[in-house]
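Visitor: Pasting a predicted model and its sequence here:
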Amino acid sequence: MVQELLTAGAAVASGCLVYAAAAARVIKQYERGVVFRLGRLTGDVRGPGFTLVIPFVDRLRKVNMQIVTMPVPAQDGITRDNVTVRVDAVIYFKVVDASDAIVQVEDYRFAVSQMAQTSLRSIIGKSDLDDLLSNREKLNQGLELMIDSPAIGWGVQIDRVEIKDVSLPETMKRSMARQAEADRERRARVINADAELQASKKLAEAAHEMSEEPAALQLRLLQTVVAVAAEKNSTLVLPFPVELLRFLERAQQPLPPAATSERQRVGGPRAAVERDGAAGHKAGAGKHRP
């Protein structure tokens, strides 16, 4: 009798151990547990730690609450300005309601991925090429709103969406390179023309100052000679001063009639004496000739 009781007690203890092992569950810190009892969702969501479920009655499903990084496959599309591009992105999301993530959608990861691809193609069709290349922050916000609207009903929150790369056809890349080169050349020409304009204004001011003082031109000429001589060239070409040419030109011009009469008036008696002396000398020479 005692042996039978011991055997029954051992069997009950073994059954309890098996039941406890089958009912025991451990939920990690970053997980939440959703319990289905006979196929029906129970009201509470199990938190992290040790928990028990009824074996063969309850079914526990664990949901990861961490932020998930999901790459969005590259999507081909045509922009609003009729340019064919290939755009890929990455999406960051997390589950905020474990019950809705299990009940409302079959596979929330697949659903978010498909919604992201559809929204990315829609963004490509609504945007210009310049927006895709330079205004990505605005496009990222629009893409996040498009994905987040249906994801809220799935218990999923979109944390961030980023467009990673925009691939262009080779012909478009060459066209953009030529456009950029032409724009840089245009800016270089404008800067050069502006510099020439400023230099011409300064040279005009310098010429005006030198015209008032001719000696300044000679000093500038000497400075130019010194600057050229510093280069240690084998041949030095020295320009002839323009002021010296003007001086020689004025010296060769005939005097006006008033100046000539004044010179004769001033030197008249002396000239007459010289003429008389010259005439007497000629007469004396004629008398002594045999």
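Guide: Looks like it came in fine. All values reported here derive from a predicted model rather than from experimental measurement. Residues are numbered from 1 along each chain as shown.
Visitor: which residues are contacting stretch 149-161?
Guide: 67, 89-101, 104-105, 108, 111-112, 115-116, 140, 143-144, 147-148 (CB atoms under 8 Å, 6 or more residues apart in numbering). From N, CA and C alone the C-beta is placed, and that goes for glycine too.
Visitor: same question, stretch 87-94
Guide: 65-75, 77, 112, 116, 120, 124, 132, 143, 147, 151, 156-167.
Visitor: Now do the lengthiest helix in the chain: which elements does it pack against?
Guide: In the chain, taking DSSP state H as the definition, the longest helix is helix 170-212. With contacts defined as 3 or more CB pairs under 8 Å, 6 or more residues apart in numbering; DSSP states H and E, helix 170-212 has these neighbours: helix 214-229.
Visitor: avg pLDDT for the helix it packs on?
Guide: Across helix 214-229, pLDDT averages out at 73.
Visitor: Buried by neighbour count: which residues of that helix qualify?
Guide: Residues of helix 214-229 classed as buried: residue 217 (neighbour count, 16 or more other CB atoms under 10 Å).
Visitor: heads up, I number from 25, so please use that
Guide: Okay, using 25 as the starting number, the last item reads as helix 238-253.
Visitor: Where does the closest residue to residue 191 other than its chain neighbours sit: helix, strand or coil?
Guide: Leaving aside its sequence neighbours, residue 191 sits nearest to residue 110 (CB to CB, 6 or more residues apart in numbering; 4.0 Å). Secondary structure state of residue 110, per DSSP: H, G, I helix; E, B strand; the rest coil, is strand.
Visitor: what kind of secondary structure is residue 79 in?
Guide: Here residue 79 is recorded as coil under three-state DSSP.
Visitor: quick one: residue 55 and residue 90, what's the gap?
Guide: Residue 55 is 9 Å from residue 90, where distance means CB to CB, to the nearest Å.
Visitor: for residue 72, that is, sorry about that
Guide: 12 Å.
Visitor: Between these two, point out the one with more neighbours.
Guide: Applying other CB atoms under 10 Å to residue 72 and residue 90 shows that residue 72 carries more neighbours, namely 14 against 10.
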